[in-house]
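# Have a look at this fold, sequence not included:
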């Protein structure tokens, strides 16, 4: 199986509201694809030339544009971006909030088996087309809608509030200690976002004290123990990554390009209550997430000590908390130690979400997997600017769909 190289990519500014700008899906794609190709050192003429020999293909990650924008058949819409995409194989990939990662997985697979030499991956979502209650109902389709989403206001905060409840119950962790750790996770992600010029909350304020003021007018509860400070953002945005084969990299004389070193993909039971029932025999609250991480370590030949930076799916602070032990940074049930000791802080030994994560950077659901992957590329190539982690040689990302139902992990590192 051949190596898969990363040529570059780009993301849109996640603070933007495209509807208020009078722009829609095609404008979003045109901007993101043009910037992504330019960063990767490619042009539309290159796409045309590669397509003549059937060497290029495209992969679109999107969760639920049919609801947010009343449009499907999304892979074909790249032909509206530029005529260079006429004839280029392209399709849409969906796995709820892990839609970007399933698109990346399809792209890397096509390169590994030699079907194509260049793969253009685009993840995107426009979410500010509706009010928050309607959007929350749309997102409920990422759960078992009839049983976990229908008729429930903001179903996902409630599901991840249950994850907080079950974590406290499973490990017997002191409630205050746990909730303090969640507040610290929130404050870290907001603080990291201030370093990221593309982050949605880069001008927002959040402190540990504010995050801990749950149930107040400025930080109301939204799902069980979880408050607004514990939640990721409603975001418009897109991210693009360009992957390439070893043959293409040699042909172009490209040097110092990072590679995909490992990956994992596992699916847990759809319903949250079944996840909890089935995890009783495991020491991990999310055993399928942990197995996905282990698969990625095995494929990469690396261990947790080799990973310099992590990007994780902090759709809620309770999901990042669970990811700490899934990555192997602590024993399960002792995740608070990594928070209290500063291990995951920006200047810690194993920083998580220097980009700001989904809480700080933003969460356009179909784009988040691609955005996390792009940020690993930036860290490994030393191009992350103000949120660059010093000495980042290998990075790992975790992207989940639903209530940790679909789990994807990628390891990106220097060749």
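Noted; the coordinates are in hand. Predicted, not measured: the structure shown is a model, and the values here were computed from it.
# Next, the contact list for residue 232, please.
314, 315, 316, 357, 358, 359, 362, 363 (CB atoms under 8 Å, 6 or more residues apart in numbering). For glycine as for every other residue, the C-beta is placed from the backbone atoms N, C-alpha and C.
# Surely the third one is in contact with residue 228?
Same thing as residue 316. No - between residue 316 and residue 228 there is no contact under CB atoms under 8 Å: 10.8 Å.
# These two: who's more crowded?
residue 316 (27 against 16; other CB atoms under 10 Å).
# ok, how many other residues are close to the closest residue to the more buried one other than its chain neighbours?
Nearest non-adjacent residue to residue 316, counting by CB to CB, 6 or more residues apart in numbering: residue 160, 3.9 Å away. Residue 160 has 27 neighbouring residues, counting by other CB under 10 Å.
# Kindly provide the distance from residue 160 to residue 224.
From residue 160 across to residue 224, the span is 8 Å (CB to CB, to the nearest Å).
# where exactly do the strands run in the protein?
In the chain, the strands defined using DSSP state E lie at 4-11, 56-61, 90-93, 118-125, 221-223, 226-227, 237-245, 259-267, 309-312, 394-401, 406-413.
# and those strands as CSV, adding mean pLDDT, distance to residue 273 and mean neighbour count?
Listed next are the strands of the chain as CSV, based on pLDDT from 0 to 100; distance: least, CB to CB, whole Å; neighbours: other CB atoms under 10 Å:
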stretch, mean pLDDT, distance to residue 273, mean neighbour count
strand 4-11, 98, 36, 24
strand 56-61, 98, 28, 27
strand 90-93, 98, 28, 20
strand 118-125, 98, 28, 29
strand 221-223, 97, 16, 19
strand 226-227, 98, 18, 26
strand 237-245, 98, 32, 28
strand 259-267, 98, 16, 21
strand 309-312, 98, 24, 28
strand 394-401, 98, 17, 28
strand 406-413, 98, 18, 26
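# Would you mind giving those as CSV with distance to residue 44 added?
Compiled in CSV, the strands of the chain are given as follows (distance: least, CB to CB, whole Å):
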stretch, distance to residue 44
strand 4-11, 15
strand 56-61, 11
strand 90-93, 14
strand 118-125, 11
strand 221-223, 44
strand 226-227, 45
strand 237-245, 13
strand 259-267, 25
strand 309-312, 30
strand 394-401, 29
strand 406-413, 26
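# and of the ones you listed, who's closest to residue 299?
strand 259-267 (3.8 Å; CB to CB).
# now the closest one against strand 237-245, angle please.
120 degrees (axes from the mean of the first three to the mean of the last three CA atoms, to 10 degrees).
# Give me the helices and strands touching strand 259-267, please.
In terms of contacts (3 or more CB pairs under 8 Å, 6 or more residues apart in numbering; DSSP states H and E), strand 259-267 is packed against strand 4-11, helix 99-112, helix 287-300, strand 406-413.
# can you do 10 Å?
strand 4-11, helix 99-112, helix 287-300, helix 368-381, strand 394-401, strand 406-413 (3 or more CB pairs under 10 Å, 6 or more residues apart in numbering; DSSP states H and E).
# Compare the ones you listed and report which one is nearest to residue 172.
Closest among these, using CB to CB: helix 287-300, at 18.4 Å.
# how about the closest one: buried residues?
287, 288, 289, 290, 291, 292, 293, 295, 296, 297, 300 (16 or more other CB atoms under 10 Å).
# For the stretch 51-200 of the chain, just list every one of the helices.
Residue ranges of the helices in the stretch 51-200 of the chain, as given by DSSP state H, counting those that start in this stretch, are 65-68, 99-112, 132-139, 155-171, 175-193.
# and of those, who's closest to residue 369?
Across these, closest to residue 369 is helix 99-112 (CB to CB), at 2.9 Å.
# Contact partners for the residue lying closest to residue 30 once chain neighbours are set aside?
Spatial nearest neighbour of residue 30, chain neighbours left out: residue 81 (5.1 Å); criterion: CB to CB, 6+ apart. Applying CB atoms under 10 Å, 6 or more residues apart in numbering, we find residue 81 in contact with 26, 27, 28, 29, 30, 31, 32, 33, 34, 44, 58, 122.
# hang on, isn't the fourth one packed against residue 120?
In this case it means residue 29. No - at 11.1 Å, residue 29 does not count as touching residue 120 under the criterion of CB atoms under 10 Å.
# Residues in contact with both of the two, list them for me.
60, 78, 240.
# distance of residue 30 from residue 78?
10 Å.
# So for these two, which residue has more residues nearby?
residue 78 (22 against 16).
# any idea of the pLDDT on the more buried one?
The score at residue 78 is 98. That number is its pLDDT.
# what do residue 316 and residue 228 both touch?
Residues touching both residue 316 and residue 228 (CB under 10 Å, 6+ apart) are 157, 186, 222.
# Scan the contacts of residue 81 and report the most crowded one.
residue 122 leads the contacts of residue 81 on contacts (other CB under 10 Å) with 32 neighbours.
# Hmm, residue 29 and that one touching each other?
Yes - at 6.8 Å, residue 122 and residue 29 qualify as touching, with contact defined as CB under 10 Å.
# Out of the helices of the stretch 51-200 of the chain, which gets nearest to residue 264?
Closest among the helices of the stretch 51-200 of the chain, once you apply CB to CB, is helix 99-112, at 9.9 Å.
# Which positions within the closest one qualify as buried?
For helix 99-112, by 16+ other CB under 10 Å, it's 99, 100, 101, 102, 103, 104, 105, 106, 107, 108, 110, 111.
# Sweet, I'm off.
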